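Peer 1: just the structure for this:
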Amino acid sequence: EVFLYLGGRPGKLEHATRVDGPVVARFREAAARHGLMILLGSLHERIPGRDDKVFNTSVLIDGAGEVLATYRKLKLFDVELPNLSIKESDTIEPGDSLPPVVDTPIGRVGLTICFDLRFADLYQHLRRKWAEIVFAPSNFTAPTGAAHWETLLRARALENQVYLAAPAQWGKHNPKFSSWGHSALVDPWGTICALAPEGTGLTFGEIDLAYLEKVRRELPMKVV
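Peer 2: Sure thing, here's the model as predicted:
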C-alpha cells in the first residue's frame, strides 16, 4: 500500500501522481518488456481540481503493459489514541465504486486495499463477481498486524473461497509508527501457503485454480 511515498500530508500531496502519468507509464513499459503483470499495490492519485486530498489507488497492469483495472480505496482508517493519531480521511478521498473483478491469465482477479479487510461485505461482493484471486496490498500498524493480520486474511480467503494475496509494508517509519509487514498468500481453504519473514524481500507462492475448484465443489456455497 502507498509504495511510492509513506509520510505526512505535505509529501503525500506533493508526490501524488496520475494513473495516466509518467510514473505508472514506467511500470507499464516494464510489464510489457518482461511480459508479466504488475500490481502497483497502491499509490496516491491526484484528483483533478483538488489540492487538499488524493485517492489511494491500486493499479493492475497486464503483460502487454495495459492498465487492466484500477480501484480507489473505499474504507479509510481513522483513529485517535493517546500516543497515535492516524486520520486517512484528512488527506484521502474515498472511492465511489465497489472493487472490480477482471479476467487475467492467472484467473479472475479482484482488488482491495488494507483496511477493506475488516469489511466482509466487500469480499462477498467480489465472490459474487466470481473472483478467484483477491489482492489486498496493506500497511497494517505493528500492533494491529500482530493481533489481526493473519486472522483477517484467512477469514476473508476461506469464507469467500478465494486466494488472497497480500503484499505489505514493513519497517519502522518514525518513532511512533511501524508497519507489520508479513506479506502473505492464503489459499481458499484458509491455509497460509506463503508468508514473508521480518524484513524486506521477495515471497513466492503457488496459485492452483484446480484446487480452488475442488474446495468450491466439496464445500459448496450459494452465491447470491
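
Peer 1: these two touch, right, residue 53 and residue 92?
Peer 2: Yes. The criterion here is CB atoms under 8 Å, and residue 53 meets it with residue 92 at 6.3 Å. (C-beta placed from N, C-alpha, C; glycine too.)

Peer 1: please tell me how far residue 124 sits from residue 156.
Peer 2: 10 Å (CB to CB, to the nearest Å).

Peer 1: find the nearest non-adjacent residue to residue 119, please.
Peer 2: Spatial nearest neighbour of residue 119, excluding adjacent residues (CB to CB, 6 or more residues apart in numbering): residue 75 at 5.4 Å.

Peer 1: so what's the gap between stretch 197-214 and the chain middle?
Peer 2: 15 Å (CA atoms, centre = their mean, to the nearest Å).

Peer 1: re earlier: near the residue nearest to residue 119, how many other residues are there?
Peer 2: Residue 75: 16 surrounding residues under other CB atoms under 10 Å.

Peer 1: in this structure, which spans are helices?
Peer 2: All helices of the chain, identified by DSSP state H, fall at 9-14, 22-34, 120-128, 142-160, 209-218.

Peer 1: in a markdown table, list those helices along with distance to residue 113 and mean pLDDT.
Peer 2: Listed next are the helices of the chain as a markdown table, based on distance: least, CB to CB, whole Å; pLDDT from 0 to 100:
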| stretch | distance to residue 113 | mean pLDDT |
| --- | --- | --- |
| helix 9-14 | 15 | 90 |
| helix 22-34 | 16 | 98 |
| helix 120-128 | 10 | 98 |
| helix 142-160 | 13 | 97 |
| helix 209-218 | 23 | 98 |
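
Peer 1: contact partners of the lowest-mean-pLDDT helix or strand in the chain?
Peer 2: Ranked by mean pLDDT, DSSP states H and E, the weakest helix or strand in the chain is strand 84-87, scoring a mean of 82. For strand 84-87, the surrounding residues in contact (CB atoms under 8 Å, 6 or more residues apart in numbering) are 77, 78, 79, 80, 141, 176, 177.

Peer 1: what does stretch 165-180 give?
Peer 2: For stretch 165-180, the external contacting residues (CB under 8 Å, 6+ apart) are 1-3, 6-7, 39, 41, 83-84, 86, 133-142, 144-146, 149, 153, 181-186, 196, 198-200, 205.

Peer 1: just the buried residues of those.
Peer 2: For those, a neighbour count by 16 or more other CB atoms under 10 Å gives the buried set as 1-2, 6, 39, 41, 133-142, 145, 149, 153, 181-186, 196.
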